[in-house]
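> Kindly generate the corresponding structure for this input.
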Amino acid sequence: MLELAILGFLYESPLHGYELRKRITALTGHVRPVAESTLYPAIKRLERGGLLTRTTEPGTVAAPRHVLSLTDEGRRDLRRRLAEPAQRDITDENRWFTVLAFLRHLDDAGAQAAVLRRRLAFLEEPASFFYDGDRPLAAEDLDDPFRQGLLTIARATSRAELGWLRATLTSLGG
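Below is the predicted model:
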């Protein structure tokens, strides 16, 4: 998802590494802080793959800054990743939020709707964090107030997302 976030933010405008790291941290940092030791190797991979370029500009105070920009191939790759997210990108909430943050970069409302329909189908399946055999347990099935809280919060979040997904799909005509 780091590569998707890099491509997504650079799709919007060229950025130097520090600013890119700040934006990615704002998007995912509460869950997965972005360390320089993770970010810069990912940038180098994308650069070697021809998806982004690096130019050097003079620094305002000190050392020169490296500004990163997407290539045309990088733009195509981002749109492909958004149009065809892996199943894990649909089912994992944090990965989903990264996809959702940049889904507007797909130009086709039908392609956007197809991705949203996959998430909707996932959320409509009965699920829980806790099971009795194969049966998902609801908050009301548990005596543990902390697990009840987890399931109550998850249910409210899912209901809000389901409502948003259905309304957005309607507005997209899908």
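> Which strand or helix spans the closest residue to Leu120 other than its chain neighbours?
Counting by C-beta to C-beta, 6 or more residues apart in numbering, the nearest residue to Leu120 once its immediate chain neighbours are dropped is Leu165, at 4.7 Å. Backbone N, C-alpha and C define where each C-beta goes, glycine included. Under DSSP states H and E, the secondary-structure element containing Leu165 is helix 145-172.
> mean confidence score for that helix?
Average pLDDT, helix 145-172: 94.
> now for it, which elements pack on it?
With contacts defined as 3 or more C-beta pairs under 8 Å, 6 or more residues apart in numbering; DSSP states H and E, helix 145-172 has these neighbours: helix 109-124.
> In PDB, list the C-alpha atoms belonging to the helix it packs on.
These are the backbone C-alpha positions of helix 109-124, laid out as PDB (Å, rounded to 0.1, in the frame of the first residue of the first chain):
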ATOM      1  CA  ALA A 109     -17.300   6.200 -12.900                       C
ATOM      2  CA  GLY A 110     -18.100   2.600 -13.900                       C
ATOM      3  CA  ALA A 111     -14.600   1.500 -12.900                       C
ATOM      4  CA  GLN A 112     -15.000   3.400  -9.600                       C
ATOM      5  CA  ALA A 113     -18.400   1.700  -9.000                       C
ATOM      6  CA  ALA A 114     -17.000  -1.800  -9.700                       C
ATOM      7  CA  VAL A 115     -14.400  -1.300  -6.900                       C
ATOM      8  CA  LEU A 116     -17.100   0.000  -4.500                       C
ATOM      9  CA  ARG A 117     -19.400  -2.900  -5.400                       C
ATOM     10  CA  ARG A 118     -16.600  -5.300  -4.400                       C
ATOM     11  CA  ARG A 119     -16.300  -3.600  -1.000                       C
ATOM     12  CA  LEU A 120     -20.000  -3.600  -0.600                       C
ATOM     13  CA  ALA A 121     -20.200  -7.300  -1.300                       C
ATOM     14  CA  PHE A 122     -17.500  -7.900   1.300                       C
ATOM     15  CA  LEU A 123     -19.300  -5.900   4.000                       C
ATOM     16  CA  GLU A 124     -22.600  -7.500   3.300                       C
END
